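Peer 1: below is the sequence, then the predicted model.
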There are 2 protein chains.
Amino acid sequence: MSTETASSRRTTYTPDSLLEVAVAVFNERGYDGTSMEDLARAAGITKSSIYHHVKGKEELLERGVNRALDALNGSLDEMEALPDAGELDRVEQAVFRAVQILVEELPYVTLLLRVRGNTEAERAAQGRRREIDLRLAGFVERAAAAGALRSDIDPHLASRLVFGMVNSVVEWYRPGPGWSADDVASAVTHLVFDGLRRR
Amino acid sequence: MSTETASSRRTTYTPDSLLEVAVAVFNERGYDGTSMEDLARAAGITKSSIYHHVKGKEELLERGVNRALDALNGSLDEMEALPDAGELDRVEQAVFRAVQILVEELPYVTLLLRVRGNTEAERAAQGRRREIDLRLAGFVERAAAAGALRSDIDPHLASRLVFGMVNSVVEWYRPGPGWSADDVASAVTHLVFDGLRRR
DNA sequence: GAGTAAACCGAACGGTCGGTCGGTTCCAGA
DNA sequence: TCTGGAACCGACCGACCGTTCGGTTTACTC
């Protein structure tokens, strides 16, 4: 609002608009499989011009995964600030909200979920992600301790499976005229808590 | 049995034993993030020695993913040859068996699921994998058409979610004294069909 | 112990990688 | 019209990539 003049027609890049292009290419080719030349071609500028906006390839990765991590952490903070509404409801909300965030920030979460840990920045991202997984697993464990979940499935195992299903959405979901984010979120939630069998 | 003499103490590599090492490194660092130097170090031989056993890096990838694809296709063939046992039972069996295969061939399936499509060999693997996904989705669709599944979740969506959960097992499962393959397989099956809620 | 083939190695190849550098072009404000 | 900085570019760098090649070592047979 303040730094943007009236006639600034976006033909030029900001670090964030460049990030958007870069993350899309990273997700298509994989981070290690993407060269700066690939990024330059996708952005329509030369390799060296990229370095005018960001320090290098790794900064693009770092910005990308941090955007996903911040969004996920933010929603967890909101959820923990909410008044108590039963342990089971809380898990349901967590699952539903996780799918929503994942779809809202689809490219960035996709990038995050594929990080391999080859550099310090990647290991840092994995560390932050592990914390998020632990917070989510905590919800499931508390619901299990309260007796709200079936007792024949280990809560740790259940947690991995449920959020494994949630995360798998990045492998196929694409925004468009098909399913909305809430369609997917409610399908996941219903499937996870009540199963696929007709009753 | 025939080509193996009595005193052949395995200090040397075969293409398959080298593949085992290579796939482990691929899964740790990512295929594109792995150099031939990395593979050589992990195998305890030099870079050039690898070329005595295989044609190059891409052959290792191809052999790895094909091992996974053959195992998955094989189990689907077996399943379709089985006598009819109800559409719902068939889906349950498919889910259970998919987890089993995935655990039995964990490193190879892991490699397969991470293929990005940068080369012709990778795109071929993605194509074969898509066929498998379609066969599995067919089971779910037939069960839905037979009225065995709840009607408020689109069978296509359900199929993606269920096998997304199945595939997510490669992200965390490690063989050892914890859960067995059948522990995980039955947890997945129960969760998918009857849900997590206590009843 | 000579002969042989498989297994392995060191050195080097052309090519591509991420990144740098010295500019030029563009454009808003004075 | 001049000026300063943002945006961008072409040429190039050292390092590392996957691969090749000529040779040496090893293990086994006769």
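Peer 2: Sure thing, it's come through. Numbers count the residues shown, from 1 in each chain, chains lettered A, B, ... in the order given.

Peer 1: now the residue nearest the centre of chain A: how far from DNA strand D?
Peer 2: In chain A, the residue lying closest to the centroid (C-alpha atoms, centre = their mean) is A:Val109, at 2.6 Å. Distance, A:Val109 to DNA strand D, by C-beta to the nearest atom of the strand, to the nearest Å: 27 Å. In this view, the C-beta of every residue, glycine as well, is placed from N, C-alpha and C.

Peer 1: that residue sits in which helix or strand?
Peer 2: Counting by DSSP states H and E, the element that carries A:Val109 is helix A:106-113.

Peer 1: circling back: excluding its backbone neighbours, what's nearest the residue nearest to the centre of chain A?
Peer 2: The shortest distance from A:Val109 to any non-neighbouring residue, by C-beta to C-beta, 6 or more residues apart in numbering or on different chains, is to A:Ala68 (4.4 Å).

Peer 1: also A:Glu92?
Peer 2: Once flanking residues are discounted, A:Glu92 sits nearest to A:Thr189: 5.7 Å by C-beta to C-beta, 6+ apart.

Peer 1: still on that earlier bit, can you tell me the SS state at the residue nearest to A:Val109?
Peer 2: Classification of A:Ala68 using DSSP: H, G, I helix; E, B strand; the rest coil returns helix.

Peer 1: closest point of chain A to DNA strand D, which residue?
Peer 2: Minimum separation of chain A from DNA strand D (C-beta to the nearest atom of the strand) falls at A:Ser48, amounting to 2.6 Å.

Peer 1: give me the element that residue is part of.
Peer 2: Secondary structure (DSSP H and E) places A:Ser48 in helix A:47-53.

Peer 1: give the buried residues for that helix.
Peer 2: A:Ile50, A:His53 (16 or more other C-beta atoms under 10 Å in any protein chain shown).

Peer 1: what's the mean pLDDT across that helix?
Peer 2: For helix A:47-53, mean pLDDT is 96.

Peer 1: in chain A, where is pLDDT below threshold?
Peer 2: Along chain A, the model assigns pLDDT under 70 to residues A:1-10.

Peer 1: any residues of it in contact with DNA strand C? List them.
Peer 2: Within reach of DNA strand C by C-beta under 7 Å from any atom of the strand, chain A has these residues: A:5, A:7, A:34-37, A:47-48, A:51, A:55-58.

Peer 1: the same query, at a cut-off of 10 Å, please.
Peer 2: Residues of chain A lying near DNA strand C by C-beta under 10 Å from any atom of the strand: A:5-9, A:11-12, A:29, A:31-40, A:46-52, A:54-61, A:119.

Peer 1: the residue nearest to A:Val109 and chain B, how far apart?
Peer 2: Look at A:Ala68 and chain B: by C-beta to the nearest C-beta, to the nearest Å, they are 16 Å apart.

Peer 1: can you give me the neighbour number for that residue?
Peer 2: A:Ala68 has 26 neighbours, counted by other C-beta atoms under 10 Å in any protein chain shown.

Peer 1: what's in contact with stretch A:41-57?
Peer 2: Contact with stretch A:41-57 is made by A:13-15, A:18-19, A:21-22, A:24-25, A:34, A:36-37, A:39-40, A:60, A:63, as judged by C-beta atoms under 8 Å, 6 or more residues apart in numbering or on different chains.

Peer 1: buried subset of those residues as a ChimeraX selection?
Peer 2: This is how ChimeraX selects the buried members of the contacts of stretch A:41-57, with burial counted by 16+ other C-beta under 10 Å:
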select /A:13,18,19,21,22,25,34,36,39,40,60,63
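
Peer 1: which of the contacts of stretch A:41-57 sit farthest apart?
Peer 2: Farthest pair in the contacts of stretch A:41-57 (C-beta to C-beta) is A:Thr14 and A:Glu37. Separation: 21.4 Å.

Peer 1: so which bits of stretch A:81-100 are buried?
Peer 2: Residues of stretch A:81-100 classed as buried: A:87-88, A:90-100 (neighbour count, 16+ other C-beta under 10 Å).

Peer 1: typo on my end, stretch A:133-149
Peer 2: Here stretch A:133-149 shows A:Arg135, A:Leu136, A:Ala137, A:Phe139, A:Val140, A:Glu141, A:Ala143, A:Ala144, A:Ala148, A:Leu149 as buried, counting by 16+ other C-beta under 10 Å.

Peer 1: what do you get for stretch A:106-122?
Peer 2: A:106-117, A:121-122.

Peer 1: which residues sit against that stretch?
Peer 2: Residues outside stretch A:106-122 that contact it (C-beta under 8 Å, 6+ apart) are A:20, A:23-24, A:26-27, A:30-32, A:58, A:61-62, A:64-65, A:67-69, A:71-72, A:101-102, A:123, A:125-126, A:129, A:167, A:170, A:173, A:175, B:28-30, B:33, B:114.

Peer 1: quote the end-to-end distance of it.
Peer 2: Counting by C-alpha to C-alpha, to the nearest Å, you get 18 Å between the two ends of stretch A:106-122.

Peer 1: and what of stretch A:47-58?
Peer 2: Start and end residues of stretch A:47-58 are separated by 14 Å (C-alpha to C-alpha).

Peer 1: for stretch A:52-62, same thing?
Peer 2: End-to-end distance (C-alpha to C-alpha), stretch A:52-62: 17 Å.
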